[in-house]
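> based on what follows, work out the 3D shape:
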Amino acid sequence: MSWERHEVGGRPLFVRAPADPSRRYPTVYVLHAHMRSATWWFNVEPFEVSYPERIEELAPDAVVVFVDGWTELGGGQWIGPLAAYLRDEVVPFVDGAYPTNGLRGLQGKSSGGYGAIVNALARPDLFQAIAAHAPDALFEVTLAHGFPQAARALQGSSLVEYWTSFAGLRSRSDAVVVELSAAAAAFGDGTLPFDELGRVDETAFGRWLEHDPVRLVPRHVEAVRGLRGVWLDAGNRDEYFLDLGALALREALLAAGLPEDRVHFELVEGGHGGMSHRYPLSLAWLVERLA
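This is a model prediction of the structure:
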């Protein structure tokens, strides 16, 4: 069965189900990274095979769903309204339209990996397994490393002023400001938790830290222990230091009581990009865990 496109809640939703409709299957929901969309998965780079095509080749015994989380800031970290959309609109739609069996996994990279983790922790009744590639975690190391660069790029102007003149990603600094703008909207009150010199406002940043999965895990011990499995990997030269975040997250999961045999952990050669070859591997692993 090829991919089917739907409109759910005014957003595109792409679904692939196995050809045999007489059986019931687990479902894997794929959450894209920041500054991506569900449609982006189908944009094929020259001489590369897209992830949807890889899934066709893999032909997993699962319903696979690409969920859209685009916002005017490039994404919403898959919490708040986007989490509600995933849980309250997308899951019931897919369960009603496809031969699902009630077992569900979440897969994502970067902010999508973050979304996979936090939604599984918040709703263990809905999601039982996770595959997170370089997920946002250990915020005081990973997110905070961009504060000085963003402060320099803003040159004392406000985010409102920045977005008024925004004309696209013209530099690496633009990307950092956009990423932190999305984080500010998701984790705080929309303002950045540092001053014009990049100095951290501990109170404001403390609100961000409350959403850090490294800190969330100890508060959701029962959900952690109920997970069927967690795939966690990152490039060992990740430009956002998300390899360090992955190490801290693995440590937190094990400390919370997740059995080591339910954790697949790897640091692989590379940076934040170039991880797409890992997605079919974690998808196959997720489907096995949900079987």
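
> could you use CA atoms for every contact and neighbour count after this?
Will do.

> what lies in contact with the lowest-mean-pLDDT helix or strand in the chain?
One helix or strand of the chain scores below all others by mean pLDDT, DSSP states H and E: helix 159-164, with a mean of 90. Applying CA atoms under 8 Å, 6 or more residues apart in numbering, the contact partners of helix 159-164 are L154, S181, T191.

> element containing the second one?
Element membership for S181, per DSSP states H and E: helix 172-187.

> pull out the buried residues from the following helix or strand past that helix.
Per DSSP H and E, the first helix or strand lying C-terminal to helix 172-187 is helix 202-209. Of the residues in helix 202-209, A204, F205, G206, W208, L209 count as buried by neighbour count, 16 or more other CA atoms under 10 Å.

> kindly export helix 202-209 (C-alpha atoms) in PDB.
Output of helix 202-209 as PDB, limited to C-alpha atoms (Å, rounded to 0.1, in the frame of the first residue of the first chain):
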ATOM      1  CA  GLU A 202      18.100  32.100  35.900                       C
ATOM      2  CA  THR A 203      14.400  32.600  36.600                       C
ATOM      3  CA  ALA A 204      13.300  32.600  33.000                       C
ATOM      4  CA  PHE A 205      15.600  29.800  32.000                       C
ATOM      5  CA  GLY A 206      14.400  27.800  35.000                       C
ATOM      6  CA  ARG A 207      11.000  27.700  33.300                       C
ATOM      7  CA  TRP A 208      12.700  26.200  30.200                       C
ATOM      8  CA  LEU A 209      14.500  23.600  32.400                       C
END
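
> just for the stretch 1-150 of the chain, where's the confidence low?
Residue ranges of the stretch 1-150 of the chain with pLDDT under 70: 1.

> now the strands for it?
4-8, 11-16, 25-31, 63-67, 100-109, 129-133 (DSSP state E, counting those that start in this stretch).

> tell me who's in contact with V28.
A62, V63, V64, V65, R104, G105, L106, Q107, L283, L286, V287.

> try L103
The neighbours of L103, taking CA under 8 Å, 6+ apart as the test, are Y25, P26, T27, L126, F127, Q128, L290.

> turn those residues into CSV, including neighbour count and distance to V221.
Below are these laid out as CSV (neighbours: other CA atoms under 10 Å; distance: CA to CA, whole Å):
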residue, neighbour count, distance to V221
Y25, 25, 28
P26, 23, 24
T27, 30, 24
L126, 16, 16
F127, 25, 15
Q128, 24, 14
L290, 20, 20
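
> and the gap between R225 and L106?
Distance, R225 to L106, by CA to CA, to the nearest Å: 16 Å.

> the two: who's more crowded?
Using other CA atoms under 10 Å as the criterion, R225 and L106 rank with L106 on top: 27 against 17.

> hmm, that one is touching A129, no?
Yes: using CA atoms under 8 Å, L106 is in contact with A129, at 6.5 Å.

> anything in contact with each of those two?
By CA under 8 Å, 6+ apart, L106 and A129 have these common neighbours: A120.

> so what's the closest residue to L126 other than its chain neighbours up against?
Spatial nearest neighbour of L126, chain neighbours left out: R104 (6.6 Å); criterion: CA to CA, 6 or more residues apart in numbering. Neighbouring residues of R104 by CA under 8 Å, 6+ apart: P26, T27, V28, Y29, L126, F127, Q128, A129, L290.

> beta partners for R104?
Counting by DSSP bridges, R104 is bridged to T27.

> give me the neighbour count for the residue nearest to V221 when sequence neighbours are not counted.
Take V221 and drop its neighbours on the chain: the residue closest to it by CA to CA, 6+ apart is A256, 5.5 Å away. Around A256 sit 18 other residues, with neighbours defined as other CA under 10 Å.

> give me phi/psi at A256?
Dihedral angles of A256 (phi, psi; degrees, to the nearest 10) stand at phi -80, psi -10.

> gap between it and V224?
7 Å.

> which residues are in contact with each of these two?
By CA under 8 Å, 6+ apart, A256 and V224 have these common neighbours: V217.

> so E210 is in contact with V217, correct?
No: look at E210 against V217 with CA under 8 Å: they stay out of range, at 10.9 Å.
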